[in-house]
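> Starting from these lines, generate the structure:
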Amino acid sequence: MEKSPVPLAVLISGRGSNLKAIVEAIEGGRLRARIAVVISNRGDAPGLAFARDQGIETRVMPHGDHATREEYDGALAAAIRSYDVRLVCLAGFMRRLGPAFCAAFPNAILNIHPALLPAFPGMNAQRQAFEHGVKLAGVTVHFVTPELDAGPIVMQASMPVLDADTADSLADRILKLEHEIYPQAIQRILDGGWAVDGRRVTFRTATP
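Below you'll find the model as predicted:
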């Protein structure tokens, strides 16, 4: 009997381009999941309109409605739990998540970062890489921990930095790479057969 699609929660703050990539992967059969809810901390996030057009339930939870980060994290975790999701996927969610939130979903929160971590964490990673003069740039999918962009790495993909690149053109090419590997990484986690050992995420070798 075919398994039911695994429910996901997707958190956004802006245009939701990685949300769109996840939806396209689901529609194309490359990701065996469904999005139970899209939550944004900004009511004007363009990605919310896209989600609604797709018939996906949305919620707006402004962080300014809570006095502390801990209060916001608690309310956000409670909202997500109500959808009984298996995985929380950050897709341009511009808020640090604290220890209590991360503990509520152990090894079940993914983020995609536009650099080859541990290099260039934080904001404007693509421009950081370009200005540093690296010859390889890329993206990293990692589990989320309270430390900024420091969780165990699930998947990485790289690309050469071209002599003709500008910071903007490099960022555009990195974004396309994000759209390719984020659904792959999500499916790989949903498939199971992995373990976290310290900072290392290891996957069981498939039997021929």
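> Spatially nearest residue to residue 98, not counting backbone neighbours?
Nearest residue to residue 98, sequence neighbours excluded (CB to CB, 6 or more residues apart in numbering): residue 73, at 4.9 Å. Glycine gets a C-beta too; all of them are placed from N, C-alpha and C.
> Am I right that the one you found is in a helix?
Yes - counting by DSSP: H, G, I helix; E, B strand; the rest coil, residue 73 is part of a helix.
> wait, isn't residue 76 in contact with residue 101?
Yes - with contact defined as CB atoms under 8 Å, residue 76 reaches residue 101; the gap is 6.5 Å.
> now residue 165: how far from residue 125?
15 Å (CB to CB, to the nearest Å).
> So which of these two has more stuff around it?
residue 125 (22 against 16; other CB atoms under 10 Å).
> which ones are touching that one?
113-115 (CB atoms under 8 Å, 6 or more residues apart in numbering).
> rerun at 10 Å
Residue 125 sits next to 113-117, 119, 137, 139-140, 149, 171, 174 when contact means CB atoms under 10 Å, 6 or more residues apart in numbering.
> Phi, psi for it please.
phi -60, psi -40 (degrees, to the nearest 10).
> what residues are up against residue 120?
113-114, 126-132, 134, 137, 140, 149.
> I'd like to know how far it sits from residue 163.
20 Å.
> low-scoring stretches of this protein, by residue?
For the chain, the stretches flagged by pLDDT under 70 are 1-2, 205-208.
> mind redoing it with 50?
Applying pLDDT under 50 to the chain flags residues 1, 207-208.
> show me where it has strands.
In the chain, the segments counted as strands under DSSP state E are 6-12, 33-40, 58-60, 87-90, 109-113, 136-143, 153-160, 194-197, 200-203.
> Adding mean neighbour count as columns, could you present those strands in a markdown table?
Formatted as a markdown table, these follow (neighbours: other CB atoms under 10 Å):
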| stretch | mean neighbour count |
| --- | --- |
| strand 6-12 | 23 |
| strand 33-40 | 22 |
| strand 58-60 | 16 |
| strand 87-90 | 23 |
| strand 109-113 | 22 |
| strand 136-143 | 23 |
| strand 153-160 | 17 |
| strand 194-197 | 12 |
| strand 200-203 | 14 |
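> As CSV, those with distance to residue 48 would be great.
Formatted as CSV, the strands of the chain follow (distance: least, CB to CB, whole Å):
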stretch, distance to residue 48
strand 6-12, 7
strand 33-40, 6
strand 58-60, 5
strand 87-90, 15
strand 109-113, 19
strand 136-143, 23
strand 153-160, 26
strand 194-197, 32
strand 200-203, 31
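> who wins for proximity to residue 23 among those strands?
Nearest of these to residue 23, taken as CB to CB: strand 33-40 at 6.9 Å.
> now that closest one, how far from the chain's geometric center?
12 Å (CA atoms, centre = their mean, to the nearest Å).
> Domain-wise, how is this protein divided?
1-105, 111-208 (automatic domain parsing).
> quick one on the thing from earlier: out of the strands of the chain, nearest to residue 67?
strand 58-60 (18.3 Å).
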